[in-house]
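In: got a predicted model here, sequence first, then my questions.
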Amino acid sequence: MGWWTWGQAREVSAEWLETNRAAVEGPEFVITGHTFEAETVDEGNDGIPDMGWKKGDIMGWMDENEVSYSSLSTKAKLLAAIDAHLNPPEESLTDGEEAEPTGE
């Protein structure tokens, strides 16, 4: 990263900032003219959205998997909808169906 002089402005490229993001994202540095994009991190490394994902990426996954949602929903509500989609509740027995015998 090199030497830095306190209070002295230094111009760097956006690529340099992204590469050295961890080192310059603190109160010691004032960065102007650049906004870091939030990174999507798949916590389970399974391709299923979790809290590490950006909201936009979650909504993209929901579009691809035909899961309905509102863009006004919070990330937690979107993830709950995904959980309900992936783990539908078991259907209960109806009046016309009988439970299978257990063999006793």
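Out: Perfect, I can see it now.
In: and the contacts of stretch 41-53?
Out: Stretch 41-53 has contacts (C-beta atoms under 8 Å, 6 or more residues apart in numbering) with 40, 57-58, 61-62, 75, 78-79, 82, 86. To be clear about C-beta, it is placed using only N, CA and C from the backbone, and glycine gets the same treatment.
In: now do the buried residues in that stretch.
Out: For stretch 41-53, burial by neighbour count (16 or more other C-beta atoms under 10 Å) applies to 49-50, 53.
In: in stretch 10-21, what counts as buried?
Out: Buried residues in stretch 10-21 (16+ other C-beta under 10 Å): L17.
In: could you look up the SS state of the residue most central in space within the chain?
Out: Of all residues in the chain, the one closest to the mean position by C-alpha atoms, centre = their mean is W53, 1.0 Å from it. Following DSSP: H, G, I helix; E, B strand; the rest coil, we place W53 in the coil state.
In: in terms of pLDDT, where does it sit?
Out: Reported pLDDT at W53 in the predicted model: 88.
In: ditto for the one 4 residues further on
Out: Looking at D57, its pLDDT stands at 90.
In: now do the contacts for it.
Out: Counting by C-beta under 8 Å, 6+ apart, D57 has contacts 40, 49.
In: what about it, distance to P88?
Out: 23 Å (C-beta to C-beta, to the nearest Å).
In: same question for T40.
Out: 26 Å.
In: neighbour-wise, which of the two wins?
Out: Higher neighbour count among T40 and P88: T40, with 14 against 7, using other C-beta atoms under 10 Å.
In: next SSE after the helix or strand of the chain with the lowest mean pLDDT?
Out: Here the helix or strand of the chain ranked lowest by mean pLDDT, DSSP states H and E is helix 21-24, holding a mean of 74. Using DSSP states H and E, the helix or strand that follows helix 21-24 in sequence is helix 55-64.
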